[in-house]
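Participant: any chance you could fold what I've pasted below:
(2 chains)
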Amino acid sequence: MAITTARIRPYLIAVAAMLVIWQGFAAILDTETLPGPFAVLTAFTISMKGPMASHFLRSSYRVLISLVLALITAVPLGIYMGRSSRADAFLSPVVYLVYPVPKIAFLPLILLLLGIGDNSKVFLISFILFFQILVTTRDAAREIPREYILSMRSLGANRWQKAAHLVLPAVLPKVLTALRIGIGTAIAVLFFVESFATNTGLGYFILDAWSRLNYREMYAGIVGMGLLGVILYEIVEFTDRTLCRWTKL
Amino acid sequence: MIKFEGASVTYQTDAGPHPALSGIDLDIPGGEPCVVIGPTGCGKTTLLFLLAGLVSSSAGSVQIDGDQALRGRRETSLILQQHGLFPWKNALANVTLGLTIRGIPRGERNEQAGELMRELGIWDIRDSYPPQLSGGQKQRVAIARSLVTEPDLLLMDEPFSALDAMTRETLQNLLLRIWKERNFTFLMVSHGIEEAVFLGRRIVVLSERPGHILTVLDNPGMGAESFRLSDEFHRQCIQVRRALEDR
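Facilitator: Here you go, the predicted structure:
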């Protein structure tokens, strides 16, 4: 109970401070383009009871699937590269070549191969996250102390036991850090992929409201994206508190 | 129990071959404590890793009970200098790791570990994680982890070197007591002359790199805590020191 209060209080203070600043700007600018927080929050409540809920769920689905896909591909490959200098020597140049290229530049190809539905959207988000998680996991796997490896070897552990008891727990804190950074990127890319060839998702909802000059609804959509981010961050925090307790000692 | 026959190890490095041990001949009978001592970088740890099967000999052979020393021998346990405890596992989970890997059910694991941890005075800290433990407690956990699988051969790489003098003596006494109760063979690498004389029934003195055996000293007086206070202990310390200085 005390822990929950201790965690919620800073949130409340931060939100209150943001609302005050927002209200201040809205009052100074006095324009339809920036409605005050209370008008937006009212619009948010109404929209969430109505059409925005399905957009919110669709966006959550897209971003969650993308995160899971990026994790289950990048973590094993990152571990492999980190633990095998031969694999690293071959694969790292490929990663360094592809990582800096804006993945959005591949969009025509992705659309051609995966169509204009959810597949291409999910693929693009995962593709961008993949590299962030890959490089972080690889570096974390490289840094596993030799002492730990020798301990596991001398105990006669097989490959899977080494992965479960040593490698995964050792890289997990860094993977979660990569996810924290990745969530911001994922939501930014989500907005982009929902800005074309779709009539679902918060990105669509925001742009649609904008085109109708309904600024209250537009900001309600932006608040929805913020809320999605908070939920994702809290999932990561929960995982961190549950599985990486040892890093906080 | 342990038989080295002309065992040599040469590491292949970027700068070319790097000999670490040359022509080791050594017999250690079962149930006997043996301490290997020598200058820094003389290949002491390599000797231990040969027995653990973590490195292979480039010439000669290393046998345990007539079989070639291989990694993952179930009756061999290894304690490393930095104790190799996993920070993400609490003390109990660290102790039971070897049993977990062998697929022993949780109830049985905890029972075996509990008995040993009580004996070593670390049962109360079973839920603590390594970063919360003192150096001495960590080393006790490492000892428990290596003993819980009931090894007949215990290999230790300077296990007490990072501890303060008082804690080190306490743990040396503890190790001696456990050895007397369980009668396993142990081979410890040490750079402390007094530690070697207190714990080694045989003391193997190695030369500078590439390490070869300068002499093997017999130390029949060891085996009691009071040995430290005896004249024989001091005579043996002087003998080991001379052997090291003559190298």
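
Participant: specify the beta-bridge partners of the residue nearest the centre of chain B.
Facilitator: Nearest to the geometric centre of chain B sits residue B:156, at 1.7 Å (Cα atoms, centre = their mean). Going by DSSP bridges, residue B:156 is paired in beta bridges with residue B:79, residue B:188.

Participant: which residues of chain A lie near chain B?
Facilitator: Contacts of chain A with chain B, taken as Cβ under 8 Å from any Cβ of the partner chain, map to A:145, A:147-148, A:150-151, A:153-157, A:161, A:165-166, A:169-170, A:244-246, A:249. Where C-beta positions appear, they are placed from N, C-alpha and C, glycine not excepted.

Participant: let's see that with 6 Å instead.
Facilitator: A:147, A:148, A:151, A:153, A:154, A:155, A:156, A:157, A:161, A:169, A:246, A:249 (Cβ under 6 Å from any Cβ of the partner chain).

Participant: do you know the pLDDT at the residue nearest to the centre of chain B?
Facilitator: What the model reports for residue B:156 is a pLDDT of 93.

Participant: same question, residue B:221
Facilitator: 90.

Participant: what stretches of chain B score poorly on pLDDT?
Facilitator: Applying pLDDT under 70 to chain B picks out residues B:247.

Participant: can you name the residue of it nearest to chain A?
Facilitator: Per Cβ to the nearest Cβ, residue B:72 is where chain B lies closest to chain A, at 2.9 Å.

Participant: quick one: that residue is in a helix?
Facilitator: No. Applying DSSP: H, G, I helix; E, B strand; the rest coil, one finds residue B:72 to be coil, outside a helix.

Participant: next, give phi and psi for it.
Facilitator: When read as degrees, to the nearest 10, the backbone of residue B:72 gives phi 80, psi 10.

Participant: is it true that it touches residue A:156?
Facilitator: Yes. Between residue B:72 and residue A:156 there is a contact under Cβ atoms under 6 Å: 2.9 Å.

Participant: so where do the helices sit in the chain?
Facilitator: As the question left the chain open, I've gone with chain A. Assigned helices in chain A, in chain order: A:2-29, A:37-49, A:52-83, A:85-98, A:107-114, A:118-142, A:146-154, A:159-162, A:168-193, A:202-211, A:215-243 (criterion: DSSP state H).

Participant: you answered for a different chain; I wanted chain B.
Facilitator: B:44-52, B:91-95, B:97-101, B:106-119, B:135-147, B:165-182, B:193-199, B:231-245.

Participant: do the fourth one and chain A come into contact?
Facilitator: Spelled out, it's helix B:106-119. No. Judged by Cβ under 6 Å from any Cβ, helix B:106-119 stays clear of chain A, getting no closer than 13.5 Å.

Participant: could you export that helix as CSV, CA atoms only?
Facilitator: C-alpha atoms of helix B:106-119 as CSV (Å, rounded to 0.1, in the frame of the first residue of the first chain):
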residue,chain,number,x,y,z
ARG,B,106,12.7,-28.1,-5.4
GLY,B,107,11.7,-29.7,-2.1
GLU,B,108,14.7,-32.0,-2.1
ARG,B,109,17.0,-29.2,-3.2
ASN,B,110,16.0,-26.9,-0.4
GLU,B,111,16.2,-29.7,2.1
GLN,B,112,19.8,-30.6,1.1
ALA,B,113,20.8,-26.9,0.9
GLY,B,114,19.1,-26.1,4.2
GLU,B,115,21.1,-28.6,6.1
LEU,B,116,24.4,-27.4,4.7
MET,B,117,23.5,-23.7,5.0
ARG,B,118,22.7,-24.2,8.7
GLU,B,119,26.0,-25.9,9.2
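
Participant: elements contacting that helix?
Facilitator: When contacts are defined as 3 or more Cβ pairs under 6 Å, 6 or more residues apart in numbering or on different chains; DSSP states H and E, helix B:106-119 packs onto helix B:135-147.

Participant: now do the helix it packs on against helix A:146-154, angle only.
Facilitator: Calculated by axes from the mean of the first three to the mean of the last three Cα atoms, to 10 degrees, helix B:135-147 forms an angle of 20 degrees with helix A:146-154.

Participant: wait, does helix B:135-147 contact chain A?
Facilitator: No. Contact of helix B:135-147 with chain A is not found when judged by Cβ under 6 Å from any Cβ; the minimum separation is 8.7 Å.

Participant: go on, stretch B:160-176?
Facilitator: No. Using Cβ under 6 Å from any Cβ, stretch B:160-176 stays clear of chain A, coming no nearer than 12.4 Å.

Participant: now that stretch: buried residues?
Facilitator: Neighbour counts over stretch B:160-176 (16 or more other Cβ atoms under 10 Å in any protein chain shown) mark B:160, B:163, B:167, B:168, B:169, B:171, B:172, B:174, B:175, B:176 as buried.

Participant: picking that back up, contact partners for the residue of chain B closest to chain A?
Facilitator: residue A:156 (Cβ atoms under 6 Å, 6 or more residues apart in numbering or on different chains).

Participant: for residue B:6, same thing?
Facilitator: When contacts are counted by Cβ under 6 Å, 6+ apart, residue B:6 touches B:23, B:60.

Participant: that older thread, would you format the helices of chain B as a markdown table with distance to residue B:29 included?
Facilitator: Output for the helices of chain B, formatted as a markdown table (distance: least, Cβ to Cβ, whole Å):
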| stretch | distance to residue B:29 |
| --- | --- |
| helix B:44-52 | 15 |
| helix B:91-95 | 29 |
| helix B:97-101 | 25 |
| helix B:106-119 | 26 |
| helix B:135-147 | 21 |
| helix B:165-182 | 14 |
| helix B:193-199 | 16 |
| helix B:231-245 | 20 |
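
Participant: measure residue A:99 to chain B for me?
Facilitator: 28 Å (Cβ to the nearest Cβ, to the nearest Å).
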